[in-house]
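# this one's structure only:
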């Protein structure tokens, strides 16, 4: 199988050079768990931070250096004979090097990560220095996990993570740590009554005197979606952000705009009416909800875990979604790419028709206006062994592609593309039902349509002509013909 993957990779690189540097990569060593957690655009190359986990539980940090066509120009592993890495993120330093953060633990006790690991890597992937910092918790079962970070205006790295002090399972109480760019810890504080049960995001507050943590949080005993701290890690306040549809569900990604407003991307699902999809919310600097926009989906989705949204130009905000089923399970799924403007109006969508299941960790908006997603796929169906996955798509294939697609339009409905592939996009001004029937009028499936944008999966339908009816209160409002390619 690996030979086939390498063959596909070679063909994809050849295609990429003729397609303005779009590419798709699946690569790895047989029998080794591999994944990419983060990709950055730096010094004329892409750098991807990954991990290799071997059958004996050893973990090696790996960094891949790619040119803009997607070709891997250098790969360096950083093994340690008696320890196991769990790398969380890396960021560029002003000197052009890369600063990496993660945890490190002894292989003879692989469940207890008691040290934060920091290192500096040159652009040529040479180790400049490394440091281990023991966490402050003295509990005999204490271990910690790094989740997210921000860089302050003083070039200090603030890390948020969770600490577990139970022998089995998790209690997920929050800790904050601060480091300079030389890996020296400047501060640490844990909060045994504050819990983080998801993957969230951090953002400086409006006047840069502190920062917010956004996630599925608890400030005991109350549920919260945000907590504010100052740079000395003193608690300032907490609360619940308003949402137009439902509570925020992790992963959550937040970014501040030049207007002072901020935008949040998160998945949502509401069991009370069986709705699910992607929610985008726009908030004022004082956290008031200005606008909420949802793309409804017929399946439960996720956004990339570490970073699910990104932009270079605020007029083009990238988000990606994938199905909430881990690789290794049977079936295939699609990756969907969305572009919004700074008022969270949907400017375009694109569906990548997958041939496997994906798990995405990171989304990068690149300097050439494109988007890269990183993560992993299963090496084979039915196994938990995984390979690295990286895919780059162009802005013009998302934004201009939607305007070029033929549409079916009526007074209250738009459907595209026509003909359709594996996905039908439906925009409606009312809540209704969508019925798909064969050419004889036999009902094949029914979907709930919500006011706004909806994604309807046509996977499983054979190519051909189908009838689509829009129904409300058992009354057919309109019918259309669509072609499934």
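Right, received. Where do you want to start? For clarity, every value in this text was computed on a predicted model and none was experimentally measured. Residues are numbered from 1 along each chain as shown.
# per-domain residue ranges of this structure.
Domain assignment of the chain by automatic domain parsing yields the ranges 243-380+392-399, 408-484.
# looking at those, which is nearest to residue 77?
For the domains of the chain, proximity to residue 77 was assessed by C-beta to C-beta; domain 243-380+392-399 is nearest, at 16.7 Å. All C-beta spots, glycine's among them, are computed from the backbone N, C-alpha and C.
# quick one: residue 396 is in a helix?
Yes - assigned with DSSP: H, G, I helix; E, B strand; the rest coil, residue 396 falls within a helix.
# any idea how far residue 134 is from it?
Residue 396 is 50 Å from residue 134, where distance means C-beta to C-beta, to the nearest Å.
# comparing those two, which residue is more hemmed in?
The neighbour count for residue 396 versus residue 134, taken as other C-beta atoms under 10 Å, is higher for residue 396 (12 against 9).
# ok, residue 149 touching residue 100?
No - using C-beta atoms under 8 Å, residue 149 makes no contact with residue 100, being 11.5 Å away.
# three-state assignment of the spatially most central residue of the chain?
For the chain, the residue whose C-alpha lies nearest the mean C-alpha position (C-alpha atoms, centre = their mean) is residue 304; its distance is 1.2 Å. The assignment at residue 304 comes out as coil when based on three-state DSSP.
# ok, it - contacts?
With contacts defined as C-beta atoms under 8 Å, 6 or more residues apart in numbering, the neighbours of residue 304 are 251, 320, 322, 360, 361, 362, 363, 373, 374, 375.
# what sits closest to it if chain neighbours are left out?
Setting aside the residues directly before and after it, residue 304 is nearest to residue 360 in space (C-beta to C-beta, 6 or more residues apart in numbering), at 4.0 Å.
# give me the distance between residue 167 and residue 375.
31 Å.
# actually residue 278, not the one I wrote
Residue 278 is 17 Å from residue 375, by C-beta to C-beta.
# go on, residue 54?
To residue 375, residue 54 is 20 Å away according to C-beta to C-beta.
# give me the more crowded residue out of the two.
residue 375 (25 against 14).
# and that one, what is it in contact with?
By C-beta under 8 Å, 6+ apart, the contact list for residue 375 reads 35, 36, 304, 358, 359, 360, 361, 362, 389.
# and it, what's its pLDDT?
We have a pLDDT of 97 for residue 375.
# each with direction, which strands does the helix or strand harbouring it pair with?
Using DSSP states H and E, the element containing residue 375 is strand 371-378. Each strand paired with strand 371-378, and its direction, by DSSP bridges: strand 358-365 (antiparallel), strand 386-393 (antiparallel).
# okay, now the unreliable bits of the stretch 251-400 of the chain?
The model of the stretch 251-400 of the chain has pLDDT under 70 over residues 400.
# tell me how many other residues surround the residue nearest to residue 328 when sequence neighbours are not counted.
Computed as C-beta to C-beta, 6+ apart, the closest residue to residue 328 that is not its neighbour in sequence is residue 378, at 4.2 Å. Residue 378: 20 surrounding residues under other C-beta under 10 Å.
# coming back round to it: just the domains of the chain: most buried one?
Mean neighbour count (mean count of other C-beta atoms under 10 Å) peaks for domain 243-380+392-399 among the domains of the chain, with a mean of 19.
# buried set for the longest strand seen in the chain?
Ranked by residue count and defined by DSSP state E, the top strand of the chain is strand 185-196. Of the residues in strand 185-196, 185, 188, 190, 191, 194, 195, 196 count as buried by neighbour count, 16 or more other C-beta atoms under 10 Å.
# quick one: buried residues of stretch 86-104?
Those would be 86-90, 92-93, 97-104, for stretch 86-104 by 16+ other C-beta under 10 Å.
# which of these fall in helices?
When the buried residues of stretch 86-104 are checked against helices (DSSP state H), there are no matches.
# so of the residues you listed, which ones are in strands?
Those of these lying in strands (DSSP E): 86-90, 92, 98-104.
# could you dump the residues you listed to CSV with distance to residue 25 and pLDDT?
Formatted as CSV, these follow (distance: C-beta to C-beta, whole Å; pLDDT from 0 to 100):
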residue, distance to residue 25, pLDDT
86, 23, 80
87, 19, 87
88, 22, 92
89, 20, 95
90, 19, 96
92, 22, 97
98, 20, 98
99, 25, 98
100, 21, 97
101, 25, 96
102, 23, 93
103, 27, 90
104, 28, 84
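# any idea what the nearest residue to residue 87 once chain neighbours are set aside is bridged to?
For residue 87, ignoring the flanking residues on the chain, the nearest one in space by C-beta to C-beta, 6+ apart is residue 102 at 3.6 Å. Judged by DSSP bridges, the bridge partners of residue 102 are residue 87, residue 117.
# who are the contact partners of residue 102?
Neighbour list for residue 102: 61, 85, 86, 87, 88, 89, 116, 117, 146 [criterion: C-beta under 8 Å, 6+ apart].
# how many neighbours does the last one have?
Which is residue 146. Residues within reach of residue 146, counting by other C-beta under 10 Å, total 21.
# what sits against it?
By C-beta under 8 Å, 6+ apart, the residues touching residue 146 are 86, 88, 89, 101, 102, 103, 116, 159, 160, 161.
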